[in-house]
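Peer 1: give me the fold of what follows.
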Amino acid sequence: MDRIRTFRRERASDYVRILLGTLLMAASTNFFYGPARMVPGGFTGLAIILRDVGTKALHLSLPLGIWNVLLNVPMILLSIRVRGWHFMRRTFLAALAFSFWLLLVPELELVPGEYFLTSVAGGCLMGAGLGLVFLGKATTGGTDTLAALIQKMLPHLNTAQIFPVLDGAVILLSVWIFGMEISLYAVISVILSGRIADGIIAGARNACVAYIISEKSEEISSQILQEMNRGVTMLEGTGKYTNSPRPVLFCAVSKKQAVVLRELVEEIDRNAFLILTDAHEVRGEGFLGYGHEEF
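Peer 2: Predicted structure coming up:
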């Protein structure tokens with residue numbers, strides 16, 4: 001029952017992150033990108049372009065939220081058919097939530113005529129929103145979903161190679177539609193939002209992995225088990241300089257416990273070899289619950 005409750009809490013937290021993240025993304029779009037006609041790549045940028053072209057050429061004035069739905073829903077439905085509902089349900093939710101917020105948040109030009117401030121403020125808000133959505137184990141569809149579909153058809157390519165090409169194509173299109181100056185500011189914003197999103201994801205990684213090589217490995221492992229209540233695995237290793245067996249202790253701890261672990265090892269064996277590194281994700285008892293669903 002505890003595992004089920006933990007799983008439900010984590011899933012609810014993920015959905016809250018997705019809703020809050022898409023709200024920030026919509027605020028970024030409607031307060032900065034949309035009014036300034038600044039294209040931040042992806043389907044959001046493509047929606048800004050289509051709205052402008054549709055209004056001028058076809059006298060078809062549709063809000064960004066509708067354009068976002070028209071672009072994303074067919075792509076996600078195709079992805080569900082190719083990859084399955086299990087992998088796409090959170091992305092489907094995030095795309096719909098983003099479109100909903102785009103329709104609900106009013107479009108206001110907060111810094112008219114200030115392209116630099118628009119790119120910085122828009123990039124910060126967009127990056128914060130993206131980071132929260134990624135923490136919720138989702139994406140908002142768009143070019144990353146299209147990249148995954150292309151990768152299915154062209155398996156010799158990976159999504160990391162396809163995604164920048166698609167985003168770059170959208171920004172190049174914006175150069176033709178809106179001009180070079182505003183598009184260069186959009187590039188600054190895209191770089192800034194990517195850095196902020198990465199920083200949010202990295203900051204949420206609250207676990208470290210430790211590798212310890214010591215002559216007193218038994219004593220150290222015993223203290224970790226008793227004092228820190230963390231599991232330890234002893235790996236078989238060989239010191240190649242002496243060609244003698246050297247056991248390696250392996251354990252995962254929270255970032256707060258990393259300081260305690262460092263002091264514990266140093267207190268027992270000052271000559272111990274200790275490696276502490278950030279863990280992208282740790283699942284299991286004491287960390288993420290079992291059965292945590294993928295997006």
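Peer 1: touching, G141 and L78? I think so.
Peer 2: No: contact criterion Cβ atoms under 8 Å: G141 and L78 do not qualify, at 10.8 Å. Just so you know, the C-beta spots here come from the backbone N, C-alpha and C atoms, and that holds for glycine as well.
Peer 1: which one's more surrounded, these two?
Peer 2: Neighbours of G141 and L78, each counted by other Cβ atoms under 10 Å, are more numerous for G141; the result is 25 against 14.
Peer 1: what comes up buried for the helix or strand of the chain with the lowest mean pLDDT?
Peer 2: Lowest on mean pLDDT, DSSP states H and E among the helices and strands of the chain sits helix 143-153, with a mean of 74. Neighbour-count burial for helix 143-153, counted by 16 or more other Cβ atoms under 10 Å, picks out T143, D144, T145, L146, A147, A148, L149, I150, Q151.
Peer 1: and stretch 112-119, by the same measure?
Peer 2: Neighbour-count burial for stretch 112-119, counted by 16+ other Cβ under 10 Å, picks out Y115, T118, S119.
Peer 1: spatially central, which residue of the protein would that be?
Peer 2: F134 (3.2 Å; Cα atoms, centre = their mean).
Peer 1: all the helices of the stretch 101-250 of the chain, residue numbers only.
Peer 2: Using DSSP state H, counting those that start in this stretch, the helices assigned to the stretch 101-250 of the chain run over residues 115-135, 143-153, 159-178, 180-204, 217-227.
Peer 1: okay, these, which one's buried deepest?
Peer 2: When neighbours are counted by mean count of other Cβ atoms under 10 Å, the highest per-stretch mean among the helices of the stretch 101-250 of the chain falls to helix 115-135, a mean of 23.
Peer 1: what packs against it?
Peer 2: helix 2-28, helix 34-36, helix 180-204 (3 or more Cβ pairs under 8 Å, 6 or more residues apart in numbering; DSSP states H and E).
Peer 1: mind running it again at 6 Å?
Peer 2: The criterion is 3 or more Cβ pairs under 6 Å, 6 or more residues apart in numbering; DSSP states H and E, and the helices and strands that helix 115-135 contacts are helix 2-28, helix 180-204.
Peer 1: can you tell me which of the ones you listed is nearest to R230?
Peer 2: Judged by Cβ to Cβ, the one of the helices and strands packed on helix 115-135 that comes nearest to R230 is helix 2-28, at 18.0 Å.
Peer 1: now the closest one: average pLDDT?
Peer 2: Average pLDDT, helix 2-28: 83.
Peer 1: that one vs helix 115-135, what angle?
Peer 2: Here helix 2-28 runs at 160 degrees with respect to helix 115-135, directions being taken by axes from the mean of the first three to the mean of the last three Cα atoms, to 10 degrees.
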